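>>> Here is my input, please return the structure:
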Amino acid sequence: MAGDRSLDEVFGALSRHPDFDAVELEAFDATDRLLLETAADAIAALGEDELVVIGDRHGALTLGARAVLGASRVRVFQDPLLGERALAANAERAGIEGFTSLPLDRSLLAGARVVLLQLPRSLDALDEIARAIAAEADPGVQVFAGGRVKHMTLAMNEVLGRSFAHVTAGLARRKSRVLHATGPRAVAARFPVWGDDPDLDFRVAAFGATFGGATLDHGTRLLLAAHGTTDAIAAADRIVDLGCGNGVIATAAARANPNAEIIATDQSAAAVAATRLTAEAAGVSSRVRVCRADATEAVPDGWADLILLNPPFHSGATVHAEVARRLIRSCARALAPGGELRLVHNAHLAYRPLVERVIGPVDQVARTRTFIVLAARARTTR
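Below is the predicted model:
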């Protein structure tokens, strides 16, 4: 039975907190509304069975399904930790219960009859999700996968078609569109995937949503090769790989300095899982503590002699410099007095004034047409 609230009421009360906020960013979008409207009858037909929601940004799908469409219970997977926390905070403020946050595995998908999916940016992430649904869900499962038209491609239909016999596209409304997938196929699991690089003496793991995939991305390559990075790693007893992605930086540091204690941290579940596998395969997992955490919250005050950072530059499908800025600001608390931050960033982004203000004196230690590497020394007095 449907709830007594409207989507406008539920959406209007949503906040992005504790995710970063900006005037041009909202806690919901037109795709959330279109997904719920499109799947309303299928959700109503679930009765006491649980709805599955994947990729909910800040709770719009989960809370809308519960409070407006009357979903009995909801199982939710969100790769970013800040999205998970925003859902919990929004639910508490609205007094809405009846959902459980779970990993992307059988506990989330077993027996699922209806799945709502905010389409991810990455085709690999979509492929991993589709394969997982096809392997674990009910044979009659209906998948409603929505996105903004400007971010959707025919390749998404093709990826879904590998795991489902029938994929159809609905009409575009409010610049959004919903794909409907049914008929799960018997497909093999594809993830994790593994990669090699001639500049690395270990293999790299990745899941679908892992930044950079199973590769050594150009920014990380420049950061590790930059003047002074090898010496900085060798001299540090405590090192942080902030925004660890596939774990290349943490693993390379652990192999280069056998005496160092290392924290690798990322808010992405896919990144954390990949980093653990990369470090384990390289034989350094005992010295790399991997944490799913926001910025440097897993790092004690003044703990780090060296922080290595190749920050992301987008929030969902939106490119936004504030993603990196909040990570840079968080380094000030985590660095020991005199400790060093080494940061690689896109050359057109002006991060240097912020680094100088919140950390300390800055040197540019490497530059290409695309990337800049900065080294900043934390002030000895704060």
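>>> Could I get the full set of helices for this structure?
7-12, 30-44, 60-67, 81-94, 106-109, 123-136, 154-163, 218-225, 229-235, 248-256, 269-281, 322-334, 352-358 (DSSP state H).
>>> looking at these, which is closest to His180?
helix 30-44 (7.8 Å; Cβ to Cβ). The C-beta positions use only the backbone N, C-alpha and C, and glycine is treated the same way.
>>> how far away is the residue lying closest to Thr100 once chain neighbours are set aside from Gly245?
Leaving aside its sequence neighbours, Thr100 sits nearest to Arg75 (Cβ to Cβ, 6 or more residues apart in numbering; 5.6 Å). Plainly put, Arg75 is 27 Å away from Gly245 if you go by Cβ to Cβ, to the nearest Å.
>>> Those two: which has the busier surroundings?
Gly245 (27 against 20; other Cβ atoms under 10 Å).
>>> ok so, going back, comparing the helices of the chain, which stretch has the densest surroundings?
Mean neighbour count (mean count of other Cβ atoms under 10 Å) peaks for helix 60-67 among the helices of the chain, with a mean of 28.
>>> Going by contacts, tell me the helices and strands next to it.
Contact here means 3 or more Cβ pairs under 8 Å, 6 or more residues apart in numbering; DSSP states H and E; on that basis helix 60-67 packs against helix 7-12, helix 30-44, strand 51-54, strand 74-77, helix 81-94, strand 114-118.
>>> Output that helix as PDB, nothing but the C-alphas.
Coordinates of each C-alpha in helix 60-67 appear next as PDB, following Å, rounded to 0.1, in the frame of the first residue of the first chain:
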ATOM      1  CA  ALA A  60      15.800   9.700  -3.000                       C
ATOM      2  CA  LEU A  61      15.100   6.300  -4.400                       C
ATOM      3  CA  THR A  62      15.100   4.400  -1.200                       C
ATOM      4  CA  LEU A  63      13.000   6.900   0.800                       C
ATOM      5  CA  GLY A  64      10.700   7.600  -2.100                       C
ATOM      6  CA  ALA A  65      10.000   3.900  -2.500                       C
ATOM      7  CA  ARG A  66       9.400   3.500   1.200                       C
ATOM      8  CA  ALA A  67       7.400   6.600   2.100                       C
END
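>>> Show me where this structure dips below the pLDDT cut-off.
1-4, 22-24, 313-320, 381-382 (pLDDT under 70).
>>> now Ser95: how far from Val10?
For the record, residue 95 is Gly, not Ser. 11 Å.
>>> How many residues are close by the residue nearest to Val193 when sequence neighbours are not counted?
In this structure, Val193 finds its nearest non-sequential neighbour in Ala214, 4.9 Å apart by Cβ to Cβ, 6+ apart. By other Cβ under 10 Å, 23 other residues sit near Ala214.
>>> I'd guessed Ala214 sits against Arg190; true?
No. Counting by Cβ atoms under 8 Å, Ala214 stays clear of Arg190, with 11.7 Å between them.
>>> And stretch 362-379, how far out from the chain middle?
26 Å (Cα atoms, centre = their mean, to the nearest Å).
>>> got the end-to-end distance for that stretch?
11 Å (Cα to Cα, to the nearest Å).
>>> ditto for stretch 71-89
Termini of stretch 71-89 sit 19 Å apart (Cα to Cα).
>>> Please apply the same query to stretch 357-370.
From its first residue to its last, stretch 357-370 covers 24 Å (Cα to Cα).
>>> Now it: buried residues?
358-360, 362, 365-366 (16 or more other Cβ atoms under 10 Å).
>>> can you name the two of these that are farthest apart?
Largest pairwise distance in these, by Cβ to Cβ, is 21.3 Å, between Val358 and Ala366.
>>> In contact with Ala324, which residues?
311-313, 345, 349, 351 (Cβ atoms under 8 Å, 6 or more residues apart in numbering).
>>> Identify, from those, the entry nearest to Leu222.
His345 (10.3 Å).
>>> Number of residues surrounding the closest one?
23.
>>> partners of it in the sheet?
Beta-bridge partners for His345, by DSSP bridges, are Ile372.
>>> State the distance from it to Val355.
Counting by Cβ to Cβ, the gap between His345 and Val355 amounts to 9 Å.
>>> Now do the shared contacts for the two.
In contact with both His345 and Val355: Leu374, using Cβ under 8 Å, 6+ apart.
>>> who's in contact with the nearest residue to Trp194 once chain neighbours are set aside?
Among residues not flanking Trp194 along the chain, Arg203 sits closest, at 5.1 Å (Cβ to Cβ, 6+ apart). Neighbour list for Arg203: 194-196, 214, 278, 281-282 [criterion: Cβ under 8 Å, 6+ apart].
>>> Kindly recompute the last result at 10 Å.
Residues in contact with Arg203, defined by Cβ atoms under 10 Å, 6 or more residues apart in numbering, are 194-197, 214, 251, 277-278, 281-282.
>>> Which of those sits closest to Ile129?
Distances from Ile129 to those, taken by Cβ to Cβ, are shortest for Ala214, at 17.7 Å.
>>> Please tell me how far the closest one sits from Ala336.
33 Å.
>>> Same question for Asn259.
Applying Cβ to Cβ to Asn259 and Ala336 gives a distance of 16 Å.
>>> Which of those two has more residues huddled nearby?
Ala336 (17 against 8).
>>> The more buried one contacts Asp237, doesn't it?
Yes. Counting by Cβ atoms under 10 Å, Asp237 is a contact partner of Ala336 at 9.5 Å.
>>> shared neighbours of these two, anything?
303-306.
>>> right, and Ala271 touches Asn310 too?
No. Counting by Cβ under 10 Å, Ala271 does not reach Asn310; the two are 11.6 Å apart.
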